[in-house]
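1. turn this into a model:
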Amino acid sequence: MGTLAPNAVPLTTVLADTVAAARAAGRDDLVGRLEKVTERVRDPRHRIVVTGQLGQGKSRFVNALLGLDVCQVGDDTTTVLPLQLSYGAQQRAYLVLAAPGTEDARVEIPFDEIGVVDPRSPLAQGRQIVRIEAELPNQLLADGIVLIDTPGVGGHGSACAAGVLGLAAAADAVLVLSDASTELTEPELTFVRQIRELCPTVAVLLTKTDLYPHWHRVLEADRTHLTRAEADVALIPVSALLRAHALRLQDAQLGLESGFGVLFGFLRDRVVARDQAVTRQAVARELHSAAEHLALALGSELVALRDPALGSAAVDELQSARAAAEALQRRTASWQQTLADGITDLVGDVDHDLRDRLRGIARTGQEWIDENDPGRHWGAIAEWLSGSVDTALGDNLLLTHRRAELLAERIADHFNEVGAVDLPEVHAGMDDESSLASSGSLADLEPDIGFTSKVLVGMRGSYGGVLMIGLATTFAGLAMLNPISLGAGLIVGGKAYRDDKTARLARRRIEANAEVRRFLDDLAFQAAKDTKDRLHRIHRALRDHFAGVAERSLRSIDASLRAAQEAAAMAATHRAERTAVLERQLNAVAELRRYAESMQLEPGRADGTVSG
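-> Alright, predicted model coming up:
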């Protein structure tokens, strides 16, 4: 690896040199990690999730953001499948399909059918549609932005908020839309709080400001609500309609009033710049780690070449270090046992937490149904149930995320002997687009009988009363129909109507409670499967990360020991030549270490360079 230039050096060049040095040293483990971070530098993607409750104008906002009519909009139109928009030289669209036991498949569909595909589309070939992916030539997308338009959350039969939270955990930013007709509701504030715990960059967009003259008051009220909820998020008013008019008329003033300029500034400063800084830190860590591993073997060999006596001592030290590393690998069972026990405990705790939350929802719903007429308030019950379930699943996902991070820290404690160990990025909701589909829905209750049926019920009951009393009064010489028999008919008919009404109410309550239990059982069944899949992914991520830490440490010591032993046995005629080569390589590695340290200290520039 050549000496780094003292001035600005592209990251890709430094990474390419480091990969070449690692490959020459036979360190394919380092090569793999460096190639991954190189790909991240070459192809930076900024995943931005657009979400919000039903009817907040998400699709119209995405169209205005891109300046294209991609998403279908309308009063009776709503997004039913996640739509991922990324850059492509030509317009193309794909369905991402999932089936049990197989990898996801991509099926190309006509671009114009993006807005009409639903989960039951024959294009799915009987498999579950995970999302729609669309590629199109657009400057914003060409800059690395990937937009994900999600189905609305919070409404009956809508997408589950936990699925959106799963996307948020792996996103670079989340934009939560709430229109300016009303202030932020409690479910919306809860949703924003949950997202903020999973994603560091969140903005609440106050949409449709062109429709509501009082939007300034709503904006101030929303700001107060967010402050009270301790939600550290940006609040930006925007108008997709004004943005569309500004693009069509090339009107700068309309563009300013649309609020999209502030939004683009937020994306530039809080998303793109932040992601570049995170990427630079990841590159710096990998470069520094590679330099340390490469320097260990080079330094050991150089010491043995310069002074055989010191080389012998170095070999002894390396043999002791190798014994310690082997002991660490033998204790692999220890950290793996911690991992296995932690995952087992996590599965039990997460499952118990979810069931406890759902049981609480079921009890509350049953108490309310037993005290009210569910037939009159079934829509309100369905809305409350959907919101409560969304909150429960979201909080359960947050519990999984926090506990997974704590487990990673506990496992890292086993590696204190090899120095500080980077923790893996554990996303509790990775690739949870499949959870965006609703796990079930509440069926409609049997409607109450109409006015005519109620009259007939009363008449049927009154007929028996009139007949019975009328026959009895005929013995007193009265006619069948007389004031006494008619009065009795009215009394008996009224009682029959009230008894029938009570029986119908009891049946509706039984039916409503059964329907709520069925809904929660279906949801718990699907949530249990999603939780197990999520924890399996976390398990694999932690296992692979820490197994790699242990392997790299042992391989570095092995390489150093082998190099020192070979140097001790090297003929004197080759020592000077090999010493010169090693000194040049060590200088390059030292330069690489300084380069990595300077990256960690300097903010860097957007072009991916750093001053040496």
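2. check whether the residue nearest to Thr79 when sequence neighbours are not counted sits in a helix, strand or coil.
-> For Thr79, ignoring the flanking residues on the chain, the nearest one in space by C-beta to C-beta, 6 or more residues apart in numbering is Pro151 at 4.9 Å. Where C-beta positions appear, they are placed from N, C-alpha and C, glycine not excepted. Put simply, Pro151 is coil when judged by DSSP: H, G, I helix; E, B strand; the rest coil.
3. so how far is Ile381 from Pro151?
-> 22 Å (C-beta to C-beta, to the nearest Å).
4. do Glu286 as well
-> 53 Å.
5. hang on, Glu108 in a strand?
-> Yes. Counting by three-state DSSP, Glu108 is located in a strand.
6. wait, it touches Gln90, no?
-> No. Using C-beta atoms under 8 Å, Glu108 is not in contact with Gln90, being 11.6 Å away.
7. higher neighbour count, those two?
-> Neighbours were counted for Glu108 and for Gln90 using other C-beta atoms under 10 Å; Glu108 has more, 11 against 8.
8. the longest strand seen in the chain packs against which elements?
-> Identified as the longest strand of the chain according to DSSP state E is strand 128-136. In terms of contacts (3 or more C-beta pairs under 8 Å, 6 or more residues apart in numbering; DSSP states H and E), strand 128-136 is packed against strand 83-87, strand 92-98.
9. who are the packing partners of the first one?
-> So that's strand 83-87. strand 128-136, helix 139-142, strand 145-149.
10. and for Pro137, the neighbour number?
-> 12.
11. that one: what's its closest spatial neighbour, skipping adjacent residues?
-> Ala89 (6.1 Å).
12. would you map the strands across the protein?
-> Assignment of strands within the chain using DSSP E yields the ranges 9-10, 46-52, 83-87, 92-98, 105-109, 128-136, 145-149, 173-179, 202-207, 234-237, 609-610.
13. turn the ones you listed into a markdown table, including mean pLDDT and distance to Ile510.
-> Conversion of the strands of the chain to a markdown table gives the following (pLDDT from 0 to 100; distance: least, C-beta to C-beta, whole Å):
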| stretch | mean pLDDT | distance to Ile510 |
| --- | --- | --- |
| strand 9-10 | 67 | 71 |
| strand 46-52 | 90 | 36 |
| strand 83-87 | 90 | 41 |
| strand 92-98 | 87 | 37 |
| strand 105-109 | 84 | 44 |
| strand 128-136 | 87 | 34 |
| strand 145-149 | 90 | 41 |
| strand 173-179 | 92 | 38 |
| strand 202-207 | 93 | 42 |
| strand 234-237 | 93 | 46 |
| strand 609-610 | 41 | 70 |
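14. can you lay out the ones you listed as TSV showing distance to Arg543?
-> What follows is the strands of the chain, written out as TSV (distance: least, C-beta to C-beta, whole Å):
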stretch	distance to Arg543
strand 9-10	35
strand 46-52	25
strand 83-87	29
strand 92-98	24
strand 105-109	27
strand 128-136	25
strand 145-149	29
strand 173-179	29
strand 202-207	31
strand 234-237	37
strand 609-610	34
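15. among those, which is nearest Leu586?
-> strand 9-10 (19.3 Å; C-beta to C-beta).
16. Leu242 is in contact with Asp210, correct?
-> Yes. Assessed by C-beta under 8 Å, Asp210 is found in contact with Leu242 at 5.4 Å.
17. could you pull up the residues touching Ala180?
-> Ala180 sits next to Leu206, Thr207, Lys208, Thr209, Leu211, Tyr212, His214, Trp215, Val218, Leu219, Pro237 when contact means C-beta atoms under 8 Å, 6 or more residues apart in numbering.
18. I'd say the last one and Tyr212 touch.
-> No. With contact defined as C-beta under 8 Å, Pro237 does not reach Tyr212; the gap is 10.3 Å.
19. quick revisit: and Arg355, which of the strands of the chain is closest to it?
-> Using C-beta to C-beta, the nearest of the strands of the chain to Arg355 is strand 128-136, at 24.9 Å.
20. residue contacts, Leu184?
-> So Leu184 contacts Ser178, Val192, Val204, Ala221, Asp222, His225, Leu226 (C-beta under 8 Å, 6+ apart).
21. by mean pLDDT, flag the weakest helix or strand of this structure.
-> strand 609-610 (a mean of 41; mean pLDDT, DSSP states H and E).
22. how about low-confidence regions in the stretch 1-150 of the chain?
-> Residues of the stretch 1-150 of the chain that meet the criterion pLDDT under 70 lie in 1-9, 74-78, 99-102.
23. if we use 80, what do you get?
-> Applying pLDDT under 80 to the stretch 1-150 of the chain picks out residues 1-13, 16-19, 21-44, 55, 71-80, 98-104, 115-116, 118-128.
24. quick one: pLDDT of Ser453?
-> Per-residue pLDDT puts Ser453 at 51.
25. Ala323 now?
-> 64.
26. neighbours of the residue nearest to Pro137, how many?
-> For Ala89, using other C-beta under 10 Å, the count is 9.
27. is it true that it touches Asn138?
-> No. The criterion here is C-beta under 8 Å, and Ala89 misses it with Asn138 at 11.0 Å.
28. what sits against Ala590?
-> Ala291, Ala295 are the contacts of Ala590 under C-beta under 8 Å, 6+ apart.
29. just the pLDDT for it.
-> pLDDT at Ala590 comes out at 78.
30. repeat for Leu406
-> 87.
31. tally up the residues packed near it, please.
-> 12.
32. that one and Leu346, how far apart?
-> Taking C-beta to C-beta, one finds Leu406 at 9 Å from Leu346.
33. quick one: the helices in the stretch 301-450 of the chain, in order.
-> 308-330, 332-371, 378-412 (DSSP state H, counting those that start in this stretch).
34. follow-up on the earlier one: look up how far Gly55 lies from the residue nearest to Thr79.
-> 12 Å.
35. repeat that for Ala162.
-> In terms of C-beta to C-beta, Ala162 sits 21 Å off from Gly55.
36. neighbour count for the two, which is higher?
-> When Ala162 and Gly55 are compared for neighbours, Ala162 comes out ahead with 29 against 15, by other C-beta under 10 Å.
37. the closest residue to the more buried one other than its chain neighbours: neighbouring residues, count only.
-> Spatial nearest neighbour of Ala162, chain neighbours left out: Leu393 (3.6 Å); criterion: C-beta to C-beta, 6+ apart. Leu393 has 26 neighbours, counted by other C-beta under 10 Å.
38. list the contacts for Leu393?
-> Cys160, Ala161, Ala162, Leu165, Leu354, Ala527.
39. for Gly88, same thing?
-> Glu135, Leu136, Pro137.
40. what about Leu399, how many residues nearby?
-> With other C-beta under 10 Å as criterion, Leu399 counts 17.
41. which residue sits closest to it in space, ignoring its chain neighbours?
-> Nearest residue to Leu399, sequence neighbours excluded (C-beta to C-beta, 6+ apart): Asp353, at 5.7 Å.
42. equivalent analysis for Asp69, please.
-> Excluding its sequence neighbours, the residue lying closest to Asp69 (C-beta to C-beta, 6+ apart) is Asn63, at 5.4 Å.
43. and if you look at Val37?
-> Per C-beta to C-beta, 6+ apart, closest to Val37 is Glu286, 4.9 Å.
44. tell me the spacing between that neighbour and Tyr595.
-> 12 Å.
45. related to what we said a few turns ago, what strands flank the longest strand of the chain, and is each parallel or antiparallel?
-> Using DSSP bridges, strand 128-136 pairs in its sheet with strand 83-87 (parallel), strand 92-98 (antiparallel).
46. isn't Thr79 right up against Gly57?
-> No. Distance between Thr79 and Gly57: 10.9 Å, which falls outside the contact criterion (C-beta under 8 Å).
47. how near is Leu226 to Phe525?
-> Taken as C-beta to C-beta, the span from Leu226 to Phe525 is 36 Å.
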